[in-house]
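>>> Next comes the sequence, and after it the predicted model I'd like to discuss.
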Amino acid sequence: MLLTDLRSKLSNPINPQIENDGKFRLASVLVVIYGKDPIIVMTEKPKDMKFHAGEISFPGGKLDVDDSDLLETALRETNEEIGLNITRDQVIGQLEPVVTLNSGFLILPFISIVDEIPQLLANREVKKIFHIPLEPFLKTGSKDLDPTHNIIQEMYTFKYQNQIVWGASARILKQIRSLYY
């Protein structure tokens, strides 16, 4: 898998606005992929967070009143959480919105593919930063049948080392896998 292949498959028009009927709080994340052998950046949330404590996720967060749109939210949150400054012109596309079933967020995922990134620095909202080789990671994906899981959305999981990625983050990864393969 090469970055050029990923760029061509994941590039699409960007529309940083989504319809919301008031049922959900709006949020966005930035999927950052970099390197000759593509690596994806994910974070682990501290266990004392109000939302998504201990989960593996993409940098991002809720729409702030000062944000012009959800792309600005994703860029701001990525800079705040891991110290990575990605510009609007480095964002190549977006995926379909996903819902967090427990916390009530409607998340718009954006994608940035860059050749390299500087050393990252986690803020208090991030316990750990993961640099995960993308192709082997995507191959760990599975559809888990969980009768307790909300039947509105299917449950998928991905595995990295001893970590399980599930929920909205896994549904984002499934979209990437579906577009690439």
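Arrived safely, thanks for sending.
>>> CA only for contacts and neighbour counts going forward, please
OK.
>>> can you count the residues close to residue 109?
26 (other CA atoms under 10 Å).
>>> show me where the protein has strands.
In the chain, the segments counted as strands under DSSP state E are 25-34, 39-44, 56-57, 60-62, 91-94, 98-99, 105-114, 128-133, 142-144, 155-160, 163-165.
>>> Tell me which residues touch the residue nearest the centre of the chain, please.
Computing the C-alpha centroid of the chain and ranking residues by CA atoms, centre = their mean puts residue 58 first, at 3.6 Å. Listed by CA atoms under 8 Å, 6 or more residues apart in numbering, the contact set of residue 58 reads 29, 30, 31, 41, 42, 43, 169.
>>> Mind doing that once more with 7 Å?
29, 30, 31, 42, 43, 169 (CA atoms under 7 Å, 6 or more residues apart in numbering).
>>> Nearest to residue 109 among the residues you listed?
Closest approach between the contacts of residue 58 and residue 109, by CA to CA: residue 29, at 4.9 Å.
>>> Next one: residue 6 relative to residue 99, how far apart?
For residue 6, the distance to residue 99 equals 25 Å [CA to CA, to the nearest Å].
>>> low-scoring pLDDT stretches of the protein, where are they?
1, 49-53, 144-154 (pLDDT under 70).
>>> Apply 50 and report the result again.
146-147, 149, 152 (pLDDT under 50).
>>> Put the buried members of the contacts of residue 58 into a ChimeraX selection.
Per 16 or more other CA atoms under 10 Å, the buried members of the contacts of residue 58 correspond to this ChimeraX selection:
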select :29,30,31,42,43,169
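>>> Let's have the contacts of residue 58 in JSON lines, adding distance to residue 70.
Below are the contacts of residue 58 laid out as JSON lines (distance: CA to CA, whole Å):
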{"residue": "29", "distance to residue 70": "9"}
{"residue": "30", "distance to residue 70": "10"}
{"residue": "31", "distance to residue 70": "14"}
{"residue": "42", "distance to residue 70": "19"}
{"residue": "43", "distance to residue 70": "20"}
{"residue": "169", "distance to residue 70": "17"}
